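Visitor: Okay, here's the prediction I keep looking at, along with the sequence it came from:
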Amino acid sequence: MEAHIEQVIEFLRAAKLNFENGLYEVSAFLAEEALHLYLVLSCLKHNVEVPWYADFDSLLRILERYEPEFKEIRKEKAMIKFFDEIRIKFRYSVPMKIDKETAEKVISFAESIIKLNL
């Protein structure tokens, strides 16, 4: 589990590095990957089997049963939906244009959740 947490941290660092270098789409994708892996690991920590099709809202809904702070996070509907959009578009190689401000919000959102329990 510890090695996987290190991977989450590395994804987040890579997101920030790519952001600093103007690669906003890549930075958003890496932040999405960091958050997704973190949420899956959090579910596994509570011995929850995660369905392969679980989206971000589903993962957060599962986790709010064990960790109340996830209930507040679920109120960020637009951002959660955007994370799903990033995940789907990058998986199917659909071009996505993400500006600097949006990439910054994506990284900040992912980092704020990840830092809750690290």
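Guide: Sure, I can see it.
Visitor: List the buried residues in stretch 57-77.
Guide: Buried residues in stretch 57-77, counted by 16 or more other CB atoms under 10 Å: 57, 59-60, 62-63, 70, 73, 76. Using the backbone N, CA and C atoms, a C-beta is placed for each residue, glycine as well.
Visitor: actually stretch 87-98, not the one I typed
Guide: For stretch 87-98, by 16+ other CB under 10 Å, it's 87, 89-90, 98.
Visitor: now, which of the buried residues of stretch 57-77 sits nearest residue 111?
Guide: The closest of the buried residues of stretch 57-77 to residue 111 turns out to be residue 73 (CB to CB; 12.6 Å).
Visitor: which residues touch the closest one?
Guide: With contact set as CB atoms under 8 Å, 6 or more residues apart in numbering, residue 73 has these partners: 60, 80, 113.
Visitor: ditto for residue 36
Guide: 56, 59, 83, 87.
Visitor: Among those, name the ones in helices.
Guide: Under the assignment DSSP state H, the contacts of residue 36 contribute 56, 59, 83, 87 to helices.
Visitor: what bits of the protein have low per-residue confidence?
Guide: 117-118 (pLDDT under 70).
Visitor: want to try TSV for the buried residues of stretch 87-98, with distance to residue 50 and secondary structure as columns?
Guide: Putting the buried residues of stretch 87-98 into TSV (distance: CB to CB, whole Å; DSSP: H, G, I helix; E, B strand; the rest coil) gives the following:
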residue	distance to residue 50	secondary structure
87	14	helix
89	21	helix
90	19	helix
98	26	coil
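Visitor: centroid residue for this structure?
Guide: What sits nearest the mean C-alpha location of the chain, by CA atoms, centre = their mean, is residue 35, with 2.3 Å.
Visitor: Can you tell me the closest non-neighbouring residue to it?
Guide: residue 110 (4.0 Å; CB to CB, 6 or more residues apart in numbering).
Visitor: And for residue 40?
Guide: Nearest in space to residue 40, with sequence neighbours left out and distances taken as CB to CB, 6+ apart, is residue 50 at 5.4 Å.
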